[in-house]
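A.B. asks: Structure for the following, please:
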Amino acid sequence: MVKIIIGIIIGILLIIFIIQNTINVNIAFFTGKISIPLAILLLIILLIGIFLGFIFTEIAVFRKKLKTHKKEKDKVEKERQKQEKNNDKNKKKKIKSEPDQSEE
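C.D. replies: Next up is the predicted model:
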């Protein structure tokens, strides 16, 4: 219910904004020119900003996940190497502690 009320308020404010900013503005880019209402131009710029913010946020989240994954992978690899080292030590101890059967 609260979301609906907030949505209605934002919608009303958007309509007021559009009504107050109907003046056309000229935009020149390279050799082209375009004339559009100021409100539409500002909304387009807002949408581009939201899109770019979303993209950069996703890139940052992806990098963080990648970094975390790499740390976890390194940790697992170190544990595996430690376990192998312990296994090698245990094998050497076992070999040393066994009596030499060839002397019997």
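A.B. asks: tell me the pLDDT at Glu98?
C.D. replies: At Glu98, the pLDDT value in this model is 63.
A.B. asks: ok, now Thr68?
C.D. replies: For Thr68, pLDDT reads 90.
A.B. asks: what's the answer for Phe30, then?
C.D. replies: Phe30 carries a pLDDT value of 88.
A.B. asks: Could you measure from it over to Lys65?
C.D. replies: 39 Å (C-beta to C-beta, to the nearest Å). C-beta: built from backbone N, CA, C; applies to glycine.
A.B. asks: ok, Leu42 - how many residues close by?
C.D. replies: Neighbour count for Leu42, taken as other C-beta atoms under 10 Å: 14.
A.B. asks: and if you look at Ile18?
C.D. replies: For Ile18, the neighbour count with other C-beta under 10 Å is 15.
A.B. asks: Please list all residues in contact with it.
C.D. replies: Taking C-beta atoms under 8 Å, 6 or more residues apart in numbering, we find Ile18 in contact with Pro37, Ala39.
A.B. asks: In three-state terms, label it for me.
C.D. replies: Taken by DSSP: H, G, I helix; E, B strand; the rest coil, the conformation at Ile18 corresponds to helix.
A.B. asks: So which residues of this structure form strands?
C.D. replies: Along the chain, the stretches classed as strands by DSSP state E are 24-29, 32-37.
A.B. asks: picking up where we left off before, so for Phe30 and Lys65, which sits in the more crowded spot?
C.D. replies: Lys65 (10 against 5).
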